[in-house]
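Q: show me how the following folds:
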Amino acid sequence: MLKVNPKARGATMQQTRTSLPKENVLKVKKKTGILQELFINRFSYLLIVPALLYVFIFSYATYPYLLISFQHFNYQKGIFGSEWIGFKNFEFFFKTSDALLITVNTVKLNVMFLIAGTISAVFIAILFNEIRSRLFQRFTQTTMIFPNFLSWIIVSYMMYGLFSTDFGMINQALTFFGMETVNWYTKAEAWPWILVAMKIWKEAGMGSIIYLAAITGIDHSLYESAEIDGATRWDKIWRITMPLLAPTIAILTLLNLGKIFYGDFGMIYAIIGDNGVLYPTTDVIDTYVFRSLRQIGDPSNAAAVGLFQSTVGLVLVFVANWFTRRYFKEGALY
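A: Reported below is the predicted structural model:
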């Protein structure tokens, strides 16, 4: 049996003690002021100046004009000189016979857009993540994102080429198979689904980028461990990707709830226009207010409805966030 000399062992232990690194001394950095911070990182902050100006001009600088919601606005007298009339501008919308129908259409279409858009964006993001060929992935991503850069005016002409009664591609296909043509621009019940389909086609590709970024941020070792345990590709998607993607889905859904009372004016007005036959299923608050503003010319009514939409959206976000924080803390905004 090998014997160790106690003196040698003691010397070795003493040498080990002396070779240990000394404790790190925390260095407290001096706090820099706001002006010094702006100067040091001036080029980084310079990049966000255009975005800050945009938000300030079109958001915060417009707050004083909310006062005209409670006024009979006069262009000559201005904001502070116009006559105050209380909540009469709100009565303009709520006392109309179409108020309930327009509100229901707005909420129904936005709920359909939200559900279908979220499911489609998540589905596309998962498909992109599963593609192994980088070249094919880049090609498909570019193809899916491209429609987002088309204006709704261009899309409306494309849709007219599809749904036109005489020369539309869909009716020509129906004629080819011996079926009767359909006058799509008089079928009000079909247009909510057509609008949802066009919304998905145009915006789902761009919306999938956020979810794809969240998926790529997932620790890859989780997938490797699951693969070692014999998990299939579907098992990894359902038991790893989806649970870790749930907080992102919840946060984006909460943000979109704030716009639940806002109709997509650009899309609906470009596609539907002034086609009164389709109003029962497609007329929303924004298009109704725009028509009223053109006919009556009173901006106070439009401002009152806009304030109503913003207030309801704010309340919905707070309520939805409260429920989310109580039952799913990871998906809450705050």
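
Q: tell me what the helix or strand encompassing S120 is packed against?
A: According to DSSP states H and E, S120 maps onto helix 99-130. Judged by 3 or more C-beta pairs under 8 Å, 6 or more residues apart in numbering; DSSP states H and E, helix 99-130 is in contact with helix 134-145, helix 191-216, helix 242-257, helix 279-282, helix 285-296. C-beta here means a position set from N, CA and C on the backbone, and glycine is covered the same way.

Q: let me have the ones you listed in a markdown table, extended by distance to I126.
A: Below are the helices and strands packed on helix 99-130 laid out as a markdown table (distance: least, C-beta to C-beta, whole Å):
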| stretch | distance to I126 |
| --- | --- |
| helix 134-145 | 13 |
| helix 191-216 | 7 |
| helix 242-257 | 8 |
| helix 279-282 | 32 |
| helix 285-296 | 33 |
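
Q: still on that earlier bit, please identify the buried residues of the helix holding S120?
A: 102-103, 105-107, 109-110, 113-114, 116-118, 120-122, 124-126, 128-129 (16 or more other C-beta atoms under 10 Å).

Q: likewise stretch 180-200?
A: Across stretch 180-200, burial judged by 16+ other C-beta under 10 Å covers W184, Y185, A188, W191, P192, I194, L195, V196, M198, K199, I200.

Q: coming back round to it: starting at the chain centroid, how far to the helix holding S120?
A: Relative to its chain's centre, helix 99-130 lies at 10 Å (C-alpha atoms, centre = their mean, to the nearest Å).

Q: same question, stretch 78-92
A: 33 Å.

Q: just how off-centre is stretch 131-148 within its chain?
A: Centroid displacement of stretch 131-148 relative to its chain, using C-alpha atoms, centre = their mean, is 21 Å.

Q: buried stuff in that stretch?
A: Using 16+ other C-beta under 10 Å as the test for burial, stretch 131-148 gives Q137, T140, Q141, M144, I145, P147.

Q: contacting residues around that stretch?
A: Residues from elsewhere that reach stretch 131-148, judged by C-beta atoms under 8 Å, 6 or more residues apart in numbering: I124, F128, V155, W201, K202, E203, A204, G205, M206, S208, I209.

Q: if you set the cut-off to 10 Å instead, what comes out?
A: Stretch 131-148 has contacts (C-beta atoms under 10 Å, 6 or more residues apart in numbering) with 124, 127-130, 154-155, 158, 198, 200-209, 212.

Q: cool, and stretch 318-327?
A: 247, 250-251, 253-258, 260, 330-334.

Q: one more pass at 7 Å, please.
A: Residues outside stretch 318-327 that contact it (C-beta atoms under 7 Å, 6 or more residues apart in numbering) are A250, L254, L257, G331, A332, L333, Y334.

Q: kindly report the same for stretch 60-67.
A: With C-beta under 7 Å, 6+ apart as the test, stretch 60-67 has contacts from I79, A303, L307.

Q: which of the residues you listed ranks first by neighbour count?
A: Neighbour tally across those (other C-beta atoms under 10 Å): the maximum, 22 neighbours, falls on A303.

Q: what's that one in contact with, if anything?
A: With contact set as C-beta under 7 Å, 6+ apart, A303 has these partners: Y65, L66, I68, S69.

Q: repeat that for G161.
A: G168, M169.

Q: can you rerun that using 8 Å?
A: Taking C-beta under 8 Å, 6+ apart, one finds F167, G168, M169 in contact with G161.

Q: now the buried members of these.
A: Buried among those (16+ other C-beta under 10 Å): G168.

Q: which one of the contacts of G161 is nearest to T287?
A: Checking those against T287 by C-beta to C-beta gives G168 as the nearest, at 23.6 Å.

Q: so the closest one touches M158, yeah?
A: No: look at G168 against M158 with C-beta atoms under 8 Å: they stay out of range, at 10.9 Å.

Q: list the residues that contact the spatially most central residue of the chain.
A: For the chain, the residue sitting closest to the mean C-alpha position, by C-alpha atoms, centre = their mean, is N256 at 5.4 Å. Going by C-beta under 8 Å, 6+ apart, N256 touches L114.

Q: convert the C-alpha atoms of stretch 78-85 to PDB, please.
A: Below are the C-alpha coordinates for stretch 78-85, written out as PDB (Å, rounded to 0.1, in the frame of the first residue of the first chain):
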ATOM      1  CA  GLY A  78     -60.600  75.900 -33.500                       C
ATOM      2  CA  ILE A  79     -60.400  73.300 -30.700                       C
ATOM      3  CA  PHE A  80     -60.700  75.700 -27.700                       C
ATOM      4  CA  GLY A  81     -63.300  78.000 -29.300                       C
ATOM      5  CA  SER A  82     -65.900  75.600 -30.500                       C
ATOM      6  CA  GLU A  83     -69.200  75.000 -28.700                       C
ATOM      7  CA  TRP A  84     -69.300  72.200 -26.100                       C
ATOM      8  CA  ILE A  85     -72.200  69.800 -26.600                       C
END
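
Q: alright, I will stop here.
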